[in-house]
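*Asks:* Dropping a prediction and its sequence here:
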Amino acid sequence: MVTEQVTWAASVTAGFWVGTGSRDEGEHEYGASHFLEHLLFKGTELLDAGEVARMIDRVGGDMNAFTTKEYTAFYVRMLAEDSGMGIDLLCDLLARPALRTSDFESERQVILEEILMHGDEPGDMVHELASEAMFGNHGLGREVLGSADSIDAMTLEGVQSFFRHHYRPGNMVFAAAGALDHERVLDAVGERLEGLSGGESPSRQPPLAAPVPFTLCSRPTEQAHLVVATRALDRHASRRWALELLEQLLGGGVSSRLFQEVRERRGLAYSVYADSTLYDDAGVLSVYAGTAPGKAAEVVGLLEQQLGLLAEAGCTTDEVDLAKGHFRSSMLMAMEESGSRMSWIGRNQLLLGRQLGVDEVLEQVGAVTPDDISALASELLGQDRALTVVGPFGGRDLAPMPVSDLGPATGEDR
């Protein structure tokens, strides 16, 4: 359990972080983590879903959850004066959920609708397909929601068994931040969770499959959605902050290379960016762009060109200074809100087993040099990459245009 007192805050945000996500599901459990994200809010042994909803709305609070490939989080945010009720309710939902048959069947239909909705979002779909291209049949390559077939086949008994095994104190972290008193929160949570025991972190194996070079999903979309991805660092790597800055200068802001080259200079995309995801034993660095189908090959060529240029020529001191300034400001501004602070301390405790201070992070980021980033870019971007495309292409060849046909790239003389 970890808390942070924020004396000037008017609210308290509290959450449970469960160290199990979609990668930890067995063959017959595919989608169970996300199913429980929905099901636990359907009530406790004493309260139904409607009563829970009214309790939250009456005080203007917010209760929600989300599932990732390595953890699931449940949280509540309320004014400090109502936080005792919110924390008690959250504890009861995690410790003594109803898990009723009627709720299970209705929520099954909700999740099936969510899967259909997700299929109508090509910008989301291309990232999921890119994960599959990077990690294959490994748990990191699977969709968090599960599939229509796996949700149809899911049983209440199976979900209950999954809950009893994973949702126990030994595999959970409770975090709270805001206008709170640590001892009071400690006593409240201890009382509500009294008698619960067991639980341990899942045993995991790293992904071994080589990335699939090209994946095309044909859809009648207005835009072509493109992702170029490569393997990166895991979250425990000492160079993770160099990766953060590499992501930033490549495609993290309006001064980044991709934004300037693809959007500002050529007008080929509205949305273009870079992203990195760090797992327990693997990582991905990717770039995304959405563009008119007729421009897709040109944009793929530009993405590859910029990745190659950064791998070969490295970055400049000015680019690194811009990236550091953006990182620092974004982090400090995010910490103004109790929910962000709760997420920061909860995630750190669950995933790293310790607290990372903001000053500690900023010091480490400040120590990264242009040579550090250039060396990492050469290593990561020199690997085989995977191209994933969602768009109205059928079997059309989407080979990127030769760099010579694209004209000079910004910064080619670096």
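*Replies:* Structure received.

*Asks:* OK, contacts around residue 350?
*Replies:* Residue 350 is in contact with 17, 19, 71, 173, counting by Cβ atoms under 8 Å, 6 or more residues apart in numbering. Where C-beta positions appear, they are placed from N, C-alpha and C, glycine not excepted.

*Asks:* Secondary structure class of it, three-state.
*Replies:* Taken by DSSP: H, G, I helix; E, B strand; the rest coil, the conformation at residue 350 corresponds to helix.

*Asks:* Return the distance of it relative to residue 2.
*Replies:* Here residue 350 is placed at a distance of 10 Å from residue 2 (Cβ to Cβ, to the nearest Å).

*Asks:* what is in contact with these two at once?
*Replies:* Counting by Cβ under 8 Å, 6+ apart, the residues touching both residue 350 and residue 2 are residue 173.

*Asks:* List the buried residues for stretch 252-272?
*Replies:* Residues of stretch 252-272 classed as buried under the neighbour-count rule (16 or more other Cβ atoms under 10 Å) are 252-253, 255-263, 266, 268-269, 272.

*Asks:* what does stretch 208-222 give?
*Replies:* For stretch 208-222, a neighbour-count test (16+ other Cβ under 10 Å) marks 211, 212, 215, 216, 217, 219, 221 as buried.

*Asks:* State the number of residues packed around residue 328.
*Replies:* 15 (other Cβ atoms under 10 Å).

*Asks:* What sits closest to it if chain neighbours are left out?
*Replies:* On the basis of Cβ to Cβ, 6 or more residues apart in numbering, the spatially nearest residue to residue 328 that is not a chain neighbour turns out to be residue 362, at 5.8 Å.

*Asks:* What segments of the stretch 251-400 of the chain are strands?
*Replies:* 272-278, 283-291, 386-391 (DSSP state E, counting those that start in this stretch).

*Asks:* strands paired with the first one, and their directions?
*Replies:* This means strand 272-278. Sheet pairing of strand 272-278 (DSSP bridges) gives strand 283-291 (antiparallel).

*Asks:* State the mean pLDDT of the partner strand.
*Replies:* Average pLDDT, strand 283-291: 97.

*Asks:* Check stretch 259-268 too.
*Replies:* Averaging the model's pLDDT scores along stretch 259-268 yields 96.

*Asks:* can you check stretch 88-97 too?
*Replies:* 94.

*Asks:* quick one: contacts of that stretch?
*Replies:* Contact partners of stretch 88-97, identified using Cβ under 8 Å, 6+ apart, comprise 14-16, 39-47, 52, 55-56, 63, 74-76, 163, 167, 172, 188-189, 192-193, 196.

*Asks:* Show me just the buried residues among those.
*Replies:* Among these, the ones that count as buried by 16+ other Cβ under 10 Å are 14-16, 39-44, 47, 52, 55-56, 63, 74-76, 163, 167, 172, 188-189, 192-193, 196.

*Asks:* Tell me the gap between stretch 357-370 and the middle of its chain.
*Replies:* 22 Å (Cα atoms, centre = their mean, to the nearest Å).

*Asks:* Pull out the buried residues from that stretch.
*Replies:* Buried residues in stretch 357-370, counted by 16+ other Cβ under 10 Å: 361, 362, 365, 368, 370.

*Asks:* Output these in JSON lines, with distance to residue 383 and pLDDT appended to each entry.
*Replies:* Putting those into JSON lines (distance: Cβ to Cβ, whole Å; pLDDT from 0 to 100) gives the following:
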{"residue": "361", "distance to residue 383": "27", "pLDDT": "96"}
{"residue": "362", "distance to residue 383": "30", "pLDDT": "97"}
{"residue": "365", "distance to residue 383": "24", "pLDDT": "97"}
{"residue": "368", "distance to residue 383": "21", "pLDDT": "97"}
{"residue": "370", "distance to residue 383": "21", "pLDDT": "97"}
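
*Asks:* Spatially, which two of these are the most separated?
*Replies:* Within the buried residues of stretch 357-370, 361 and 370 form the most distant pair, 19.4 Å apart (Cβ to Cβ).

*Asks:* which residue ranges form the helices in the stretch 101-250 of the chain?
*Replies:* Applying DSSP state H, counting those that start in this stretch to the stretch 101-250 of the chain gives helices spanning 101-119, 122-135, 148-153, 156-166, 182-192, 240-251.

*Asks:* that older thread, can you list the buried residues of stretch 208-222 in TSV and add pLDDT?
*Replies:* Formatted as TSV, the entries for the buried residues of stretch 208-222 read as follows, by pLDDT from 0 to 100:
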residue	pLDDT
211	94
212	95
215	94
216	95
217	94
219	93
221	94
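
*Asks:* quick one: which of those is nearest residue 307?
*Replies:* Distance to residue 307 across these (Cβ to Cβ) is lowest for residue 211, with 14.2 Å.

*Asks:* Could you measure from residue 17 over to residue 348?
*Replies:* Counting by Cβ to Cβ - residue 17 and residue 348 are separated by 10 Å.

*Asks:* These two: which is more packed in?
*Replies:* Per other Cβ under 10 Å, whichever of residue 17 and residue 348 has more neighbours is residue 17, with 24 against 19.

*Asks:* Give me the distance between the two termini of stretch 375-394.
*Replies:* Distance between the boundary residues of stretch 375-394 (Cα to Cα, to the nearest Å) amounts to 39 Å.

*Asks:* buried residues in that stretch?
*Replies:* Of the residues in stretch 375-394, those buried by neighbour count under the rule 16+ other Cβ under 10 Å are 376, 377, 380, 381, 385, 386, 387, 388, 389, 390, 391, 393.

*Asks:* Please report how far the second one lies from residue 312.
*Replies:* As judged by Cβ to Cβ, residue 377 and residue 312 stand 9 Å apart.

*Asks:* same thing with the fourth one?
*Replies:* According to Cβ to Cβ, residue 381 and residue 312 sit 9 Å apart.

*Asks:* now swap in the third one and tell me
*Replies:* Distance, residue 380 to residue 312, by Cβ to Cβ: 13 Å.

*Asks:* Could you do the last one as well?
*Replies:* Between residue 393 and residue 312 the computed distance is 30 Å (Cβ to Cβ).

*Asks:* which one among the contacts of residue 350 gets closest to residue 290?
*Replies:* The nearest member of those to residue 290, counting by Cβ to Cβ, is residue 71 at 28.9 Å.

*Asks:* With that, I have no additional questions.
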